[in-house]
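Participant: Provided below for reference: sequence and predicted model.
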Amino acid sequence: MNVEEQLAQLQAQLISAQVEIQRLREQNDEMCDRIRAQSQIINRAKDINPVARPSFKRVLTLAQAAFLDLCKCPGGGWFLSLGHRVRKFKTLRQIWDILCLDDWFLEDLFGDFLVVKPRKVSEPSRDFDWDNSVVGGVFTQAQNSFKTWHNFANAVPFSSE
């Protein structure tokens, strides 16, 4: 191969490279135009979130998935509840925004409503006091016998036969 053939081959490669560069520049300009058009659409949009106004049904579905109840407040607004713990929201959008978060805690949602007040010490237990410790010994040891207990509970009297 002589020098003239190498020069011709290099010029052919140079021309093909320039054609490829021109094609890539045109493709790049086309993509830039698309990006510019899409960014203008996004910038003009008020809210790019796909759910602009969440409906009661959508929010209720989210609430039920979190084991919460949702109902309309008579005075306006919405009640979100977990058992007897209730929080009032002005709009469904507020509830939607909270329930759509990845990480949220019940303490954040209900706040002080989740604080369980301790029972007073003087208040007797609602369960039956088997050892008479809370009531103060209403039943005496003699009354706690098996026979007396069955008579007290209107059971069939105990027979020693």
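Facilitator: Yep, it's here.

Participant: hmm, Trp78 is touching Val86, no?
Facilitator: No - contact criterion Cβ atoms under 8 Å: Trp78 and Val86 do not qualify, at 10.5 Å. The way it works is simple: take the backbone N, C-alpha and C, and place the C-beta from them, glycine included.

Participant: more neighbours: which of these two?
Facilitator: Trp78 (19 against 14; other Cβ atoms under 10 Å).

Participant: contacts only, for the more buried one.
Facilitator: Applying Cβ atoms under 8 Å, 6 or more residues apart in numbering to Trp78 gives the contacts 70-72, 88-92, 95.

Participant: that one and Gln13: what is the separation?
Facilitator: Trp78 is 71 Å from Gln13, where distance means Cβ to Cβ, to the nearest Å.

Participant: do Arg25 as well
Facilitator: Shown here: Arg25 relative to Gln13, a distance of 19 Å by Cβ to Cβ.

Participant: go through the chain and flag its longest helix.
Facilitator: If you go by DSSP state H, the chain has its longest helix at helix 3-44.

Participant: how about CSV for the contacts of Trp78, with pLDDT, secondary structure and distance to Gln38 added?
Facilitator: Below are those laid out as CSV (pLDDT from 0 to 100; DSSP: H, G, I helix; E, B strand; the rest coil; distance: Cβ to Cβ, whole Å):
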residue, pLDDT, secondary structure, distance to Gln38
Leu70, 91, strand, 36
Cys71, 89, strand, 41
Lys72, 91, strand, 39
Lys88, 87, strand, 40
Phe89, 88, strand, 34
Lys90, 90, coil, 34
Thr91, 89, coil, 30
Leu92, 90, helix, 30
Ile95, 87, helix, 31
